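Generate a structure from the sequence data that follows.
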Amino acid sequence: MVSHRVVHAAVVVLGVLALGASAGAQSAPTSAGRAIGVRVVLPDGTVAAAASVSAPPRKSATLAGWSYADGAVVTGWMSASARTGAGSEGSTANGSASIQSVSLFGGDVTVAGVFVKASASAAGTGASGSLASSSLSNLTVLGKPVQAASNARISLGDWGYAVTLEKAVVRKNGARVGYRGFVTGLHVVLTAPHGGLPAGTEIMVGYTEAAATAPKAAPSPPPGSGPREPIPPGVPQVPPSVQNPPPDVKPKLTAAGYVFPVFGPASFSDDFGAPRTTMWHHGNDIFAPLGAPILAVADGTLFLVGWNDVGGNRLWLRDGAGNEFYYAHLSAYSPLARDGAQVKAGDVIAFVGNTGDAVGTPPHLHFEIHPRELLWMGYDGVINPYPYLSAWLRLDDLAFGEWTPEPGPAPAAGAVLLQADDISSLSGLGDETLESYLVMPELFGEAEPGPVIVAAAPGFGG
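From the prediction side, this is the model:
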């Protein structure tokens, strides 16, 4: 909390002993909850928060009133609470925050009441949770009443936008099952200076999250099952999940530092937009021999390295400008392919295959480009990779950043997409991605691999 910016605050904090096992006990169920009345994040990373609590242990806080930046952010009474429970069979977590009489920027945005609630539970048979009880009442924006809806984006003149009842869910289904849900009642993002605060400032009024994990119950072997028979000679075998790249992969980069994503002979066509199981083809298919090296197209960070039923073995790469690239149907990963790994353009990160829904097709890489300016659209914030792939083969460059969203509110998701196979907006949270929003990495950061299903909504986190 930045004390020199806070005008007044009266806080009462209550704490009791933690319930259940420690989050560090990987063999035991774990849970955590967090709730915040108001959180202000400046572009330089400075954070101020009011009525911020987390569990375990069980905690609550109450504030009589809070003002920030000479009154740019003013709230009335607020409270927040978080609690957890864990036993030998499973774990639970709950978080909630309630704020009344919210006024931002001298009345530009007012809300009579904000209430957010998140719950999570996990046991060996599965994990679930709920964000359904969250609500906003009597929201007024620039003097006009606005009906709040889940993940609805509202324009704030020429100086910013707000997202109401912003929700997202992360699920884990590996050796451990897990659920994490988080919701922000009102999320304001400044795209230009306003009220004495710089562009890039984010204000979250009413934030809570809950997460729970538990070891997955071992499945019972089917009757009569025994040791597997050896695979006969000549029958294709599943490639290893990790393999070392050949030593002679030295691709040439374009002047801007990009490279074609497949090393060696490859072919592709402009099949962007063709019908697919994902409604339409969001990228291009690059056909190459099974096991051909797949390269990082730019310097950047890898994330969501793992499996889903559509993409099979897949990963995402975010370059230094915030553009994102999706690779799918991989046969195997290189040792570099780890969540959070920093890679250089031309590094071998994976190998061509036909996993996921590409089983039975010739080996190929499904490749997508998601420009930074379109991340707010979610998975559909994508452009045709064909001209970029063609340019990179010629060692030419095409500029990114030409896709400015149309003015006005973004499409409302209407609900959290709990069954999404893959979605770009998980990473559309700004430069620090999930790190500044998901405050319980210890629950989902186990080293053991396992598929993670992520669902988030357009506009989440800006």
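
Distance of T191 relative to D158?
Separation of T191 from D158 (C-beta to C-beta, to the nearest Å) stands at 8 Å. Where you see a C-beta, it was placed from the backbone N, CA and C, and this is true even at glycine.

Please say which of those two ends up with more neighbours.
Neighbours per residue, other C-beta atoms under 10 Å: of T191 and D158, the larger number sits with T191, 15 against 9.

ok, that one to A162 distance?
11 Å.

Alpha carbons only: can I get stretch 128-143 in PDB?
Extracted in PDB, the C-alpha atoms of stretch 128-143 (Å, rounded to 0.1, in the frame of the first residue of the first chain):
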ATOM      1  CA  SER A 128     -15.600 -27.400  -9.300                       C
ATOM      2  CA  GLY A 129     -16.500 -24.000  -8.100                       C
ATOM      3  CA  SER A 130     -18.900 -21.100  -8.600                       C
ATOM      4  CA  LEU A 131     -18.800 -17.300  -9.400                       C
ATOM      5  CA  ALA A 132     -22.600 -17.000  -9.900                       C
ATOM      6  CA  SER A 133     -23.400 -15.000  -6.800                       C
ATOM      7  CA  SER A 134     -21.500 -11.800  -7.800                       C
ATOM      8  CA  SER A 135     -23.500  -8.600  -8.700                       C
ATOM      9  CA  LEU A 136     -23.300  -4.900  -9.300                       C
ATOM     10  CA  SER A 137     -26.200  -2.600  -8.400                       C
ATOM     11  CA  ASN A 138     -27.100   0.900  -9.800                       C
ATOM     12  CA  LEU A 139     -24.100   1.300 -12.000                       C
ATOM     13  CA  THR A 140     -23.800   4.800 -13.600                       C
ATOM     14  CA  VAL A 141     -21.200   5.700 -16.200                       C
ATOM     15  CA  LEU A 142     -20.700   9.300 -17.300                       C
ATOM     16  CA  GLY A 143     -24.200  10.200 -16.000                       C
END
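
Packing partners of the helix or strand where T92 lies?
According to DSSP states H and E, T92 maps onto strand 90-104. Counting contacts by 3 or more C-beta pairs under 8 Å, 6 or more residues apart in numbering; DSSP states H and E, strand 90-104 is packed against strand 30-41, strand 47-55, strand 73-75, strand 78-86, strand 109-123, strand 176-190, strand 202-215.

Least confident of those, on average?
Note on the helices and strands packed on strand 90-104: lowest mean pLDDT is at strand 73-75, with a mean of 79.

Read off the pLDDT value for F444.
42.

likewise L17?
21.

Can you lay out the helices and strands packed on strand 90-104 as TSV showing distance to A149?
Converted to TSV, those look like this (distance: least, C-beta to C-beta, whole Å):
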stretch	distance to A149
strand 30-41	22
strand 47-55	25
strand 73-75	22
strand 78-86	23
strand 109-123	14
strand 176-190	12
strand 202-215	15
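
what's the closest of these to F325?
Smallest distance to F325 across the helices and strands packed on strand 90-104 (C-beta to C-beta): 24.6 Å, for strand 176-190.

Give me the angle between the closest one and strand 202-215.
Angular relation of strand 176-190 and strand 202-215 on a 0 to 180 degree scale: 180 degrees, by axes from the mean of the first three to the mean of the last three C-alpha atoms, to 10 degrees.

which helices and strands does strand 176-190 pack with?
Strand 176-190 packs on strand 90-104, strand 109-123, strand 126-130, strand 135-141, strand 160-173, strand 202-215, helix 441-444, going by 3+ C-beta pairs under 8 Å, 6+ apart.

pretty sure P387 contacts L398?
Yes. With contacts counted by C-beta atoms under 8 Å, P387 reaches L398, the gap being 6.0 Å.

Excluding chain neighbours, what is closest to G129?
A120 (3.8 Å; C-beta to C-beta, 6 or more residues apart in numbering).

ok, the one you found to S54 distance?
Distance from A120 to S54, by C-beta to C-beta: 14 Å.

quick one: which of the two has more around it?
A120 (30 against 19).

Can you pull out the low-pLDDT segments for the protein?
1-27, 174, 218-240, 274-280, 401-462 (pLDDT under 70).

unless I'm mixing things up, Q342 is touching F303, no?
No. Applying C-beta under 8 Å, one finds Q342 not in contact with F303, separated by 11.2 Å.

Comparing those two, which residue is more hemmed in?
Between Q342 and F303, counted using other C-beta under 10 Å, F303 has the larger neighbour count: 19 against 11.

any idea which helix or strand carries the more buried one?
strand 300-308.

Check which element follows that strand along the chain.
Taking DSSP H and E as the definition, the helix or strand right after strand 300-308 is strand 312-319.

can you give me the offset of stretch 386-395 from its chain's centre?
29 Å (C-alpha atoms, centre = their mean, to the nearest Å).

Tell me the buried residues in that stretch?
In terms of neighbour count (16 or more other C-beta atoms under 10 Å), stretch 386-395 has its buried residues at 386, 388-389, 391-392.

tell me what the lengthiest helix in the chain is packed against?
Of all segments of type helix in the chain, defined using DSSP state H, the longest is helix 386-393. Packed against helix 386-393 by the contact rule (3+ C-beta pairs under 8 Å, 6+ apart) you find strand 284-287.

Provide the contact partners of the helix or strand just after the strand it packs on at residue level.
Proceeding N to C from strand 284-287, the next assigned helix or strand is strand 293-295, under DSSP H and E. The contact list for strand 293-295, computed with C-beta atoms under 8 Å, 6 or more residues apart in numbering, reads 245-246, 249, 251, 259-264, 327, 330, 334, 345-352, 365.

Report the set of residues contacting both of A120 and S54.
Contacts common to A120 and S54, judged by C-beta under 8 Å, 6+ apart, are G33.

Give me the number of neighbouring residues for the residue nearest to A217 when sequence neighbours are not counted.
Nearest residue to A217, sequence neighbours excluded (C-beta to C-beta, 6+ apart): G124, at 3.2 Å. Using other C-beta under 10 Å, G124 is surrounded by 15 other residues.

Spit out the contact partners of G124.
Per C-beta under 8 Å, 6+ apart, neighbours of G124: 89-90, 177, 214-217.

go on, V297?
Per C-beta under 8 Å, 6+ apart, neighbours of V297: 258-261, 317, 319, 325, 345, 392.

Specify which member of the residues you listed is nearest to S241.
L317 (18.6 Å).
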